[in-house]
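Engineer: Generate a structure from the sequence data that follows.
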Amino acid sequence: MSDPASVRMTSDEFIAWAMEQPGGQRFELVAGEVVGMAPERSSHALTKFHIARRLAESVERQGLPCQVYPDGMAVKVDDATTYEPDALVRCGSPLPDNAVTLDDPVIVVEVLSPSTRARDSGAKLADYFRLPSVRHYLIVRTEDRAIIHHARGADGTILTRIVRDGPLHLDPPGLVVTDLFPASR
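Structural biologist: Below is the predicted model of the structure:
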């Protein structure tokens, strides 16, 4: 295949292509166009790991029928858009062991980086909420230790609040997460 940036792909074509790429290279598909993902800074990697761990601890503590995935799972928004969030929660029957995509996350987490800030706060916000399953989209700002929490209300309205400390109450009911940022060094 020629340069992926010059070829439009469907989500299914993209997944097949991405699975053939050398390890360490990560991509997303945005409106049919392949977008490369830059290497992560230490604070980004540690924060996304910490949040995924806190989500997993809460799921386990509550005995919820959910799985927490760190980065690596592809979220298929539509036939031309597939993202790889920094963490996500999916509830229901476990996926097959060989699954690489899903289209029904309940919680999606993106840790902002300089190269993705605009897309994570704009297009991804709108795109993730196109999925009926998405109840919460957490945009994490490491520089000021703030989480922009977008939540779908019962009437479909997206409510936004900024959380800097205290517990974060999420759906499914009982999912409460605290200490979302790693200890300062």
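Engineer: Verify the contact between A56 and V68 for me.
Structural biologist: Yes. Look at A56 against V68 with CB atoms under 8 Å: they come within range, at 4.1 Å. Any C-beta I mention is one placed from the backbone N, CA and C, and that applies to glycine too.
Engineer: So these two - more neighbours on which side?
Structural biologist: V68 (21 against 18; other CB atoms under 10 Å).
Engineer: Summarise which helices and strands whichever strand or helix holds the more buried one is packed against.
Structural biologist: Following DSSP states H and E, one finds V68 within strand 66-70. On a contact count with 3 or more CB pairs under 8 Å, 6 or more residues apart in numbering; DSSP states H and E, strand 66-70 meets helix 42-62, strand 87-91.
Engineer: centroid residue for this protein?
Structural biologist: What sits nearest the mean C-alpha location of the chain, by CA atoms, centre = their mean, is P85, with 2.7 Å.
Engineer: Skip the chain neighbours and tell me the closest residue to that one.
Structural biologist: Excluding the flanking residues, the one nearest P85 by CB to CB, 6 or more residues apart in numbering is V108, at 4.8 Å.
Engineer: The one you found: what secondary structure?
Structural biologist: Following DSSP: H, G, I helix; E, B strand; the rest coil, we place V108 in the strand state.
Engineer: residue contacts, it?
Structural biologist: With contact set as CB atoms under 8 Å, 6 or more residues apart in numbering, V108 has these partners: V75, P85, A87, L88, Y128, V134, H136, Y137, L138.
Engineer: Would you mind listing where this structure has pLDDT under the threshold?
Structural biologist: 1-6, 185 (pLDDT under 70).
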